[in-house]
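S.K.: Return a 3D structure for these sequence lines:
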Amino acid sequence: MIRIARRSIEYAINSSISTLKNANTRLISTCRAVVLPRFGGPEVLEVRHNVGLPDLGASEVLVRTAAVAINPLDCRMRSGYGRSLFEPLLPLILGRDVSGEVAAIGSSVRQLYVGQEVFGALHPTAVRGTYSDYAVLSEDELVPKPPSITHVEASAIPFAALTAWRALKSTARISPGQTVLVIGGGGAVGLAAIQLSVAAGCKVVTTCGKLSIDRVMAAGAEKAIDYTSEDLRAKLEGRFDAVLDTIGLPETEILGVDLLKRGGNYMTLQGEAVSLADTYGLVVGGAAATAKLLKKQVQYRQSHGVEYWWTYMRSDFEGLEEIARLTRDGKMKIPVEKTFSMGEAVEAHRVKDSKIVHGKVVLEIQ
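M.R.: Sure, this is the predicted structure:
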């Protein structure tokens with residue numbers, strides 16, 4: 001059971017739920033959520049009205065959800081990606097991004113307060129996602145939402161931007177004056193990578209489809225190459241300090257590694273840890289993934305003198321703070337193409353699967 005304070009109550013930021021002063025409260029134990037009872041196509045998703053809320057931990061925050069973005073990871077999980085981990089835990093609530101308002105805080109939360117507008121993202125392995133009236137996140141997975149953007153706009157940013165941030169800032173440690181190649185710059189992670197690199201003082205070149213050329217140039221890329229009509233090897237000149245490959249095909253991997261300077265970092269979003277675990281089980285698959293990654297790392301160090309990484313989103317408060325700052329300053333934007341209500345989650349997933357929508361797809365919850 002979680003105590004939810006009414007928005008009109010004023011109280012000290014450092015107060016816990018149990019010590020709210022002069023609070024007129026009501027008790028809430030259930031809410032609506034989009035539930036995944038089994039793996040499959042969009043039609044397996046169900047809107048349920050009496051989904052239980054977990055007890056709030058000391059460092060956790062209950063967010064009254066306003067909007068959540070639908071990420072490619074959500075669709076892959078719905079189809080069975082990660083089943084080695086998630087199948088025993090069905091039914092699941094999908095969703096990683098969230099923007100909304102703080103409804104309650106745990107006893108050790110110090111930086112956020114009830115009624116504050118926030119946005120953030122859960123880590124990829126979270127079981128209870130954000131397709132819900134109320135979402136539970138750790139305090140370090142949330143930051144105040146800039147007032148200059150809407151909840152819909154905010155919900156499209158954190159998961160994609162944190163994925164790019166981990167690759168470029170945590171792994172490659174890009175610095176001013178370096179050159180960055182983003183393979184597949186037209187998607188959300190690619191756009192975030194371009195903007196993060198430009199903000200860090202780097203020069204950015206990207207590949208993308210024809211429809212994304214204007215968008216990636218507006219994001220700050222110095223050069224954009226249409227992979228559908230141009231010879232990438234002929235058009236990509238010079239060497240790069242870092243390559244982020246959002247596509248992850250064998251041919252883009254070879255291209256990216258070949259274009260790196262010695263000591264540079266190649267990072268792909270298409271690591272094989274999860275797929276190997278799904279095929280062989282967590283123990284055997286995990287060992288196989290470690291062996292495969294190490295083999296490639298040794299191979300490319302010896303043949304090209306470069307570093308090779310599988311990169312995944314991880315929660316990072318420092319990164320989220322930087323993303324919020326860039327967003328506030330108008331230097332981080334992920335375009336939203338279409339919105340749906342919670343009751344339209346099945347259709348929203350169908351649209352996302354079809355890939356006919358050029359920008360982000362967002363569920364408006366309240």
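
S.K.: what residues are up against the most centrally placed residue in the chain?
M.R.: Nearest to the mean C-alpha position of the chain, by C-alpha atoms, centre = their mean, lies F159 at 1.7 Å. Counting by C-beta atoms under 8 Å, 6 or more residues apart in numbering, F159 makes contact with 69, 71, 73, 96-97, 121, 313. All C-beta atoms are positioned from the backbone trio N, CA, C, and that covers glycine.

S.K.: Out of these, which sit inside helices?
M.R.: L73 (DSSP state H).

S.K.: With pLDDT, neighbour count and distance to G285 as extra columns, can I get the contacts of F159 in JSON lines?
M.R.: Formatted as JSON lines, the contacts of F159 follow (pLDDT from 0 to 100; neighbours: other C-beta atoms under 10 Å; distance: C-beta to C-beta, whole Å):
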{"residue": "A69", "pLDDT": "97", "neighbour count": "30", "distance to G285": "29"}
{"residue": "N71", "pLDDT": "95", "neighbour count": "25", "distance to G285": "23"}
{"residue": "L73", "pLDDT": "93", "neighbour count": "19", "distance to G285": "18"}
{"residue": "R96", "pLDDT": "96", "neighbour count": "29", "distance to G285": "23"}
{"residue": "D97", "pLDDT": "97", "neighbour count": "31", "distance to G285": "27"}
{"residue": "A121", "pLDDT": "97", "neighbour count": "30", "distance to G285": "26"}
{"residue": "M313", "pLDDT": "90", "neighbour count": "25", "distance to G285": "20"}
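
S.K.: Can you flag which of the contacts of F159 belong to strands?
M.R.: Among these, DSSP state E puts 69, 97, 121 in strands.

S.K.: my guess is the residue nearest to the centre of the chain is in a strand, correct?
M.R.: No. Judged by DSSP: H, G, I helix; E, B strand; the rest coil, F159 forms no part of a strand; its state is helix.

S.K.: Could you check how far it is from G120?
M.R.: Using C-beta to C-beta, to the nearest Å, we find F159 at a distance of 9 Å from G120.

S.K.: list the residues that contact both of the two?
M.R.: Common neighbours of F159 and G120 (C-beta under 8 Å, 6+ apart) are D97.

S.K.: So what's the predicted local confidence for E10?
M.R.: On the pLDDT scale, E10 is placed at 37.

S.K.: my bad, should have said A23
M.R.: 35.

S.K.: and if you look at A5?
M.R.: 45.

S.K.: now the ones in strands among the contacts of F159 as JSON lines including distance to L62?
M.R.: Shown next, in JSON lines, are the ones in strands among the contacts of F159 (distance: C-beta to C-beta, whole Å):
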{"residue": "A69", "distance to L62": "20"}
{"residue": "D97", "distance to L62": "17"}
{"residue": "A121", "distance to L62": "16"}
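
S.K.: Which residue is the nearest non-sequential neighbour of the residue nearest to the centre of the chain?
M.R.: Leaving out its chain neighbours, the residue that sits closest to F159 by C-beta to C-beta, 6 or more residues apart in numbering is A121, at 4.2 Å.

S.K.: tell me the contacts of the one you found?
M.R.: 96-98, 141, 158-159, 162, 313, 315, 320.

S.K.: Can you name the residues bridging to it?
M.R.: D97 (DSSP bridges).

S.K.: in this protein, which spans are helices?
M.R.: Counting by DSSP H, the helices of the chain are 72-78, 83-86, 151-155, 158-165, 188-199, 213-219, 232-235, 250-258, 273-280, 282-304, 317-328, 345-354.

S.K.: Of these, flag the one that's most buried.
M.R.: helix 158-165 (a mean of 28; mean count of other C-beta atoms under 10 Å).

S.K.: Check the offset of that helix from the chain's centre.
M.R.: Its chain's average C-alpha position is 5 Å from that of helix 158-165, according to C-alpha atoms, centre = their mean, to the nearest Å.

S.K.: if we can go back for a sec, okay, the residue nearest to the centre of the chain and G57: tell me how far apart.
M.R.: Taking C-beta to C-beta, one finds F159 at 22 Å from G57.

S.K.: Below-threshold pLDDT in the stretch 151-300 of the chain: ranges please.
M.R.: Within the stretch 151-300 of the chain, no range satisfies pLDDT under 70.

S.K.: wait, what's in contact with the residue nearest to T130 when sequence neighbours are not counted?
M.R.: Spatial nearest neighbour of T130, chain neighbours left out: G95 (3.5 Å); criterion: C-beta to C-beta, 6+ apart. Neighbouring residues of G95 by C-beta under 8 Å, 6+ apart: 34, 68, 70, 74, 122, 129-132, 135, 363.

S.K.: Any chance of the backbone angles for G95?
M.R.: G95 adopts backbone torsions of phi 110, psi 130, taken as degrees, to the nearest 10.

S.K.: That one and F39, how far apart?
M.R.: For G95, the distance to F39 - C-beta to C-beta - is 16 Å.

S.K.: Now do the contacts for I323.
M.R.: Shown in contact with I323 (C-beta under 8 Å, 6+ apart): 143, 157-158, 161-162, 165, 192, 332.

S.K.: Report the two of those separated the most.
M.R.: V143 and A192 (15.5 Å; C-beta to C-beta).

S.K.: so how far is L196 from the residue nearest to V198 when sequence neighbours are not counted?
M.R.: Once flanking residues are discounted, V198 sits nearest to G220: 3.5 Å by C-beta to C-beta, 6+ apart. Per C-beta to C-beta, G220 is found 10 Å from L196.

S.K.: Surely K235 touches A224?
M.R.: No. Using C-beta atoms under 8 Å, K235 is not in contact with A224, being 10.0 Å away.

S.K.: State the distance from R173 to E347.
M.R.: Taking C-beta to C-beta, one finds R173 at 42 Å from E347.

S.K.: Same question for G129.
M.R.: 18 Å.
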